[in-house]
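# One predicted model, sequence on top.
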Amino acid sequence: MEFIVEKIGMSRTISVPSVPVTLLKVKEAKVCELVGDDKAIVAYSHGKRRNKPIEGQQKKYGLEPQFNRFVTLKVANKEAGDLDYSPLNEAKRVKISFNSKGRGFSGVVKRWNFGGGPDSHGSRFHRAPGSVGMCEWPGRIMPGQKMPGQYGNKKVTVQNEVISFDPENMILVVKGSVPGPNGALGKVRIVK
């Protein structure tokens, strides 16, 4: 089963020893239409996005205006209506997918932890990548070299142990860290 979540932030348990945890708010969602054996089109609310296609979807499924995002998820529901959150009560482990924090165009020292060269005595080799090519043959840079470029803002999936789930406040508490900034939207998948 899959659920849309929003990252609240990190905390820790009040126990000895203390355990670092991440708090995830499970978004309220409605199952609009079943499209396979266990897949469904699900609507949830996020932001104030509203346009003609979204209004058409809301009218088609008879949704309130706050449900303005649509996604296909694996669900436990057998019919349209409120999303069934009961699988989260028994979940022991979950796979969590978020986009990692974007760090823009970064050099090799920041992106790949290169050491760089000496800082002084005219070395002229400080934070550069160094030698990357060959001589006469094959006379090109081979694919897959660690180079400067876009760092972060990629989909990252991690597995975490579930500490607790509060169905009243819809807060899922998982052990350890989760990629992405606070307030980011992601997907939680229950691992059997």
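Okay, I see it.

# What are the neighbouring residues in contact with the closest residue to residue 182 other than its chain neighbours?
Leaving aside its chain neighbours, residue 182 sits nearest to residue 9 (4.7 Å; criterion: C-beta to C-beta, 6 or more residues apart in numbering). (Glycine included, C-beta is placed from N, CA and C.) Going by C-beta atoms under 8 Å, 6 or more residues apart in numbering, residue 9 touches 22, 23, 182.

# go again using 10 Å as the cut-off
Applying C-beta atoms under 10 Å, 6 or more residues apart in numbering to residue 9 gives the contacts 21, 22, 23, 24, 178, 181, 182, 183.

# Buried members of those residues into ChimeraX, please.
Entered in ChimeraX, the line below selects the buried ones among the contacts of residue 9, by 16 or more other C-beta atoms under 10 Å:
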select :21,22,23,24,178
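
# Going by distance to residue 123, which of the contacts of residue 9 wins?
Nearest to residue 123 out of these is residue 181 (C-beta to C-beta; 37.1 Å).

# And the pLDDT for the residue of the chain most remote from its centre?
Centroid-distance maximum for the chain: residue 121 at 45.1 Å, with C-alpha atoms, centre = their mean. Here the pLDDT value assigned to residue 121 is 89.

# I'd like the next helix or strand past the least confident helix or strand in the chain by mean pLDDT.
In the chain, no helix or strand scores lower on mean pLDDT, DSSP states H and E than strand 81-82, which sits at a mean of 91. Next helix or strand after strand 81-82 toward the C-terminus (DSSP states H and E): helix 87-90.

# sorry, back to before: can you list the helices and strands that the least confident helix or strand of the chain packs against?
strand 29-34 (3 or more C-beta pairs under 10 Å, 6 or more residues apart in numbering; DSSP states H and E).

# Export the contacts of residue 9 as a markdown table, with columns for pLDDT.
Shown next, in a markdown table, are these (pLDDT from 0 to 100):
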| residue | pLDDT |
| --- | --- |
| 21 | 98 |
| 22 | 98 |
| 23 | 98 |
| 24 | 98 |
| 178 | 97 |
| 181 | 97 |
| 182 | 97 |
| 183 | 96 |
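
# Make JSON lines out of the contacts of residue 9 and add distance to residue 161.
Output for the contacts of residue 9, formatted as JSON lines (distance: C-beta to C-beta, whole Å):
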{"residue": "21", "distance to residue 161": "10"}
{"residue": "22", "distance to residue 161": "11"}
{"residue": "23", "distance to residue 161": "14"}
{"residue": "24", "distance to residue 161": "13"}
{"residue": "178", "distance to residue 161": "12"}
{"residue": "181", "distance to residue 161": "22"}
{"residue": "182", "distance to residue 161": "21"}
{"residue": "183", "distance to residue 161": "23"}
